[in-house]
Each structure stands twice: as C-alpha cells, then as structure tokens.
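K.L.:
this is a predicted model, with the sequence first.
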Amino acid sequence: MIKIELNDTFLHTDAKQYLVQKQSEIDAETTFTSQQTKASQLWNQKSSAQKFRHVKPWLKSACVGVEICNYCENNEASDIEHIFPKKLYPERCFKSDNYLLACKQCNTGYKLDKFAVFSNATSSSIIEYKNKQVVSNAPPVQESVFIDPRTEDPMDYLFLNLKTGVFIPNIRSGSDPRRDAKASYTLQILQLNDRNGLQQYRSDAYGDFVRDLKRCIQIKNATTNQELEDIFFPGVIDTTKHVDQNISYAINQIKNRVLRSRNITVWYEMLRQYSLISTLRVLFDQLPEAKSWKR
Ligand SMILES: [Zn+2]
C-alpha cells in the first residue's frame with residue numbers, strides 16, 4: 001500500500017454539492033442510531049443519482065496501476081470503500097476524503113465493517129469492532145488503528161521483504177507499540193500476507209521490475225537504432241530519428257509501464273531499499289534517473 005494523493009479540486013462541482021447535501025441529511029438526525037440508519041438508506045440510493053456518478057472516475061484517477069485496488073494492488077478497483085466504515089462513522093458517509101477505490105474482495109470479503117481505534121491518546125491497546133457487531137454508540141474519538149492511506153503513508157508503518165513478498169511492521173525508525181499495532185491490524189484485516197497468491201505476485205513483481213531496470217540499462221548503452229530495436233519491441237523504434245531520441249523514448253515507455261503496474265508498493269520498496277541490497281544498488285547506480293520514478 002502506498003499513500004493516495006487525491007485532491008477534491010478535481011471532483012465535479014455537482015458531486016461535491018450532492019455529497020454535502022446528503023451528509024447534512026444524516027447530520028440532521030439526532031441520535032447515533034438514527035444517523036446510522038439514514039446513512040445506510042442514503043448510501044443505497046446513491047447509485048441512481050446522476051451527480052454521484054462523478055465520484056468514481058475521480059477516485060479512479062488516484063488508483064494504483066490501471067484502476068487497481070488501492071489495498072491489495074492486484075484486483076480491479078470496483079467498489080467505493082469507506083476507510084472509516086459508514087456504520088461506525090455515519091458523519092463520514094458522504095465525505096470524499098473517506099473514500100478510496102478497492103476491489104470487491106478487499107471491500108466486501110475482508111474489510112467489511114471491521115475497524116479499531118486506540119483506547120486513548122497514548123496507549124497501544126485497541127477497541128475493536130467486528131463485522132456485523134451491533135454498535136449503538138459512536139466510537140471514542142481516538143486515532144484509527146487501521147492505516148488510512150488518504151492521510152497517512154502506509155510505508156511508514158509497513159516494510160516489504162522484496163524476495164518473499166511478505167509485509168512486516170516497519171521498525172526501521174525504532175519500535176513503537178502503536179505503530180506496530182497499526183501495521184499488524186491493517187495486515188490482519190486485509191489479510192495482505194495470507195491471501196492466495198498476493199505474496200507470490202509481489203515477489204514476481206520484484207523480478208519483473210529488476211528485469212525492467214536491466215533492460216533500461218541495456219537501452220541506455222545502445223549506440224545504434226538497430227541495437228535498440230533488438231532490445232526494445234521490434235517495430236516500435238522510429239529509425240529515422242536519432243538514436244539518443246529513441247533511447248529517451250524507450251526508457252520513458254518502460255518507466256510508464258513500471259508506474260502503471262500492479263503491486264506498485266514493490267517498486268516503491270525498491271526505491272527505499274536499493275542502497276541496502278548490492279545487486280539493486282548496482283542497477284540504480286547505472287540508471288540513477290530511475291531513483292526518482294514515482295507516480
Ligand atoms: Zn483489493
């Protein structure tokens with residue numbers, strides 16, 4: 001998981017108005033349970049609202065990969081997910097900063113209404129809410145244990161073993177029980193280390209990105225268009241152009257593909273860890289421009 005950079009300046013005005021209006025209808029309810037009911041009711045009606053239809057394309061623009069789930073980074077991003085569940089936080093049901101796009105599996109198979117907050121401002125003990133649990137009072141106003149990728153950088157909490165594809169709590173900045181709790185809880189809720197294939201996909205992505213780097217280095221060292229054609233896709237290079245122009249073009253094509261890939265966290269981890277892994281360090285030293293390849 002990486003941080004989602006998304007600004008509502010680019011959300012259609014009609015959608016913004018709709019969200020404000022629907023949220024005010026929920027906020028006008030006088031008890032927590034009536035707010036819950038109202039939120040659920042209005043959320044179920046939103047699909048028929050023309051104005052709400054602008055929300056998904058706006059969220060898609062921030063998705064990792066080509067419309068890939070922001071949690072697992074593997075499946076199609078199909079669902080508008082409330083990071084703070086609307087059942088526990090009806091006051092955030094129509095708040096656009098509480099949305100991200102996730103896949104059906106992450107949204108309705110794993111995260112559901114599960115959530116947790118710390119029991120107070122300093123402790124690492126947590127108050128956990130299970131799925132389908134009847135909650136008749138608003139959760140205490142405390143920090144979320146689940147990492148919110150709209151406001152926090154998940155990489156501050158999680159560290160990826162590139163070879164195995166396994167996430168662990170990020171203890172590089174020193175152990176901190178609250179940070180560890182956030183990492184463990186988020187991994188547990190989304191089952192990012194336990195779901196079929198996810199570890200393997202991340203580990204495979206590492207191999208793919210290393211191959212992309214090696215290919216870029218070969219391209220960079222090419223001296224003729226013919227040589228370049230042999231390395232890059234045949235027929236894509238415009239042989240009427242100077243070889244240097246074609247080198248920039250080819251490297252840029254690979255860069256764009258890397259940044260559109262599934263499992264983009266693997267790439268970000270490579271940027272974070274290359275100085276610690278000698279084979280990666282050698283590659284990045286030969287292609288220093290790749291050190292700044294970010295979305
Ligand atoms: Zn997912």
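P.N.:
Structure received.

K.L.:
could you use CA atoms for every contact and neighbour count after this?
P.N.:
Noted.

K.L.:
check contacts around the residue minimising distance to the centre of the chain.
P.N.:
Residue closest to the mean C-alpha point of the chain, counted by C-alpha atoms, centre = their mean, is Asn70 at 3.2 Å. Asn70 makes contacts with 1-2, 63-64, 77, 100-102, as judged by C-alpha atoms under 8 Å, 6 or more residues apart in numbering.

K.L.:
residues from this structure in reach of the ion?
P.N.:
69, 72, 103, 106 (C-alpha under 5 Å from the ion).

K.L.:
and the next helix or strand past the lowest-mean-pLDDT helix or strand in the chain?
P.N.:
Lowest mean confidence among the helices and strands of the chain (mean pLDDT, DSSP states H and E): helix 225-231, at a mean of 90. Counting by DSSP states H and E, the next helix or strand C-terminal to helix 225-231 is helix 243-259.

K.L.:
ok, back up a step: which of the contacts of Asn70 sits closest to Gln191?
P.N.:
For the contacts of Asn70, the residue nearest Gln191 by C-alpha to C-alpha is Met1; the value is 12.6 Å.

K.L.:
poorly predicted segments of the stretch 51-200 of the chain, please.
P.N.:
Residue ranges of the stretch 51-200 of the chain with pLDDT under 70: 172-173.

K.L.:
one more time with 80, if that's ok
P.N.:
Across the stretch 51-200 of the chain, the ranges flagged by pLDDT under 80 are 171-175, 196.

K.L.:
show me the residues of the chain next to the ion that map onto strands.
P.N.:
Assignment to strands by DSSP state E places none of the residues of the chain next to the ion there.

K.L.:
so Lys46 touches Phe52, yeah?
P.N.:
Yes: counting by C-alpha atoms under 8 Å, Lys46 does reach Phe52; the two are 6.4 Å apart.

K.L.:
ok, now which ones touch the closest residue to Ser184 other than its chain neighbours?
P.N.:
Leaving out its chain neighbours, the residue that sits closest to Ser184 by C-alpha to C-alpha, 6 or more residues apart in numbering is Pro169, at 6.7 Å. Shown in contact with Pro169 (C-alpha under 8 Å, 6+ apart): 157-159, 179-180, 183-184.
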